[in-house]
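# Quick one, fold the following:
(one chain, ligands or ions: 1)
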Amino acid sequence: MTDARRELLRSTFGQDADRYDRARPGYPDQLVTDLARLAGLGPQSRVLEIGCGTGQATRPLARLGCRITAVELSPDMAAVAERNLRDFPNVTIEVSPFESWTPPTTPFDLVFAATAFHWIDPETRVGRAADVLRPGGALAVVHSEHVAGGTERFFADSQRCYERFDPDTPPGLRLRPAAEVVDEPGEFDRSGRFGPVRFRRYEWEKSYTTDGYLDLLMTYSGHRALPEPARDGLLACLANLIDGNHNGRISKRYLTWLALARRTV
Ligand SMILES: C[S@@+](CC[C@H](N)C(=O)[O-])C[C@H]1O[C@@H](n2cnc3c(N)ncnc32)[C@H](O)[C@@H]1O
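Numbers count the residues shown, from 1 in each chain. This is a model prediction of the structure:
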């Protein structure tokens, strides 16, 4: 992805922060339990979260009592996060791109990013994360991917809608089974700043009504960036499939994974 495209797409989340907060499904509870154990988090731990959005992953960490600084690009996303986290005096939200944010002098025990690390400059993100960690502190990155499963016929049929309305859709695209998604330690390893990467994977499904599914799609940067006529056509095409063939309800299968490594250098 070019820098310009990344800048454009990453700016879409704040266009409708309330929708994002309402429609995105959050993360499995077990992920936070595993993260806390692998990172050795306790109530006094200092955590930096990059791209907290509306605070969906921040809240369960805040409940552990960690002292969290969250750096968020979008003022609108940060405003919803402030609202969601108002009961947690242990959380501070700062509006800034992570790339130009000025860190405090005291280092962090954990740097964490949930569905946000890929929006940060790929040339500098791992190095900057390492720089603000204490030696032995952990960098934890969470990603989610839509994988094969759930209402499979709907997702196979929906490809026709994408091929018709979204010119970037590769012809014949099919969802990968979770087993084909391999763990990728490369970015940590190439930096030379981290020890071995530990992975945890979570497969889960969520059921959506037609409206709920369209709401979700309207939180995805790629869908938001489509020209309006194409986006309207795409959403109408998908709604017809869900209503016509699946009685107004489908299920989507997610693979969420956690990658965590400790700073060595
Ligand atoms: C897909 S959302 C994830 C939000 C949240 N972590 C969650 O799990 O729901 C990506 C978030 O990263 C933020 N973001 C993108 N680029 C950023 C940057 N350079 N610095 C800080 N935040 C950034 C976006 O504004 C958005 O809120």
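# Secondary structure element holding the closest residue to residue 117 other than its chain neighbours?
In this structure, residue 117 finds its nearest non-sequential neighbour in residue 141, 4.7 Å apart by Cβ to Cβ, 6 or more residues apart in numbering. Any C-beta I mention is one placed from the backbone N, CA and C, and that applies to glycine too. Secondary structure from DSSP states H and E places residue 141 in strand 133-146.
# contact partners of that strand?
With contact meaning Cβ atoms under 8 Å, 6 or more residues apart in numbering, strand 133-146 is reached by 27, 31, 35, 38-40, 57, 107-115, 117-118, 126, 129-130, 175-176, 181, 188, 194, 252-264.
# and those residues near the ligand, which?
Contacts with the ligand within these, counted by Cβ under 6 Å from any ligand atom: 57, 114-115.
# Kindly reformat these as TSV containing distance to residue 91, pLDDT and neighbour count.
Converted to TSV, those look like this (distance: Cβ to Cβ, whole Å; pLDDT from 0 to 100; neighbours: other Cβ atoms under 10 Å):
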residue	distance to residue 91	pLDDT	neighbour count
57	12	98	24
114	14	98	26
115	18	98	17
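# Cross-reference those residues with the strands and report the matches.
If you go by DSSP state E, these have residue 114 in strands.
# from the ones next to the ligand among the contacts of strand 133-146, which is closest to residue 1?
Closest approach to residue 1 among those (Cβ to Cβ): residue 115, at 15.5 Å.
# Residues of this structure that sit close to the ligand?
Counting by Cβ under 6 Å from any ligand atom, the residues of the chain near the ligand are 10, 13-14, 24, 50-53, 56-57, 71-74, 77, 97-99, 114-116, 119-120.
# Which other helices and strands does the helix or strand hosting residue 211 contact?
Element membership of residue 211, judged by DSSP H and E, is helix 210-217. Counting contacts by 3 or more Cβ pairs under 8 Å, 6 or more residues apart in numbering; DSSP states H and E, helix 210-217 packs against helix 17-23, helix 228-246, strand 249-262.
# For residue 210, find the nearest of these.
helix 228-246 (4.5 Å).
# How about the contacts made by residue 175?
146-149, 155.
# And for residue 128?
Residue 128 sits next to 98-99, 120 when contact means Cβ under 8 Å, 6+ apart.
# Return the distance of stretch 156-173 from the chain's centre.
Centroid separation for stretch 156-173 versus its chain: 23 Å, with Cα atoms, centre = their mean, to the nearest Å.
# How about stretch 202-216?
How far stretch 202-216 lies from its chain's middle: 15 Å, per Cα atoms, centre = their mean.
# neighbouring contacts of that stretch?
Outside of stretch 202-216, the residues within contact range by Cβ under 8 Å, 6+ apart are 19, 22-25, 27-28, 30-31, 147, 149-150, 178, 235, 238-239, 242-243, 248-258.
# Dump the ones next to the ligand among the contacts of strand 133-146 to JSON lines, plus distance to residue 63.
What follows is these, written out as JSON lines (distance: Cβ to Cβ, whole Å):
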{"residue": "57", "distance to residue 63": "12"}
{"residue": "114", "distance to residue 63": "15"}
{"residue": "115", "distance to residue 63": "20"}
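# still on that earlier bit, quick check: the gap between the residue nearest to residue 117 and the ligand.
As for residue 141, its distance to the ligand is 11 Å (criterion: Cβ to the nearest ligand atom, to the nearest Å).
# For residue 185, which residues are in contact?
Counting by Cβ under 8 Å, 6+ apart, residue 185 has contacts 196-197, 199, 259, 261.
# Between those residues, which sits nearest residue 85?
residue 259 (24.8 Å).
# quick revisit: right, so the helices and strands packed on helix 210-217: which one is the most enclosed?
strand 249-262 (a mean of 20; mean count of other Cβ atoms under 10 Å).
# now the angle from that one to strand 133-146?
Here strand 249-262 runs at an angle of 160 degrees relative to strand 133-146 (axes from the mean of the first three to the mean of the last three Cα atoms, to 10 degrees).
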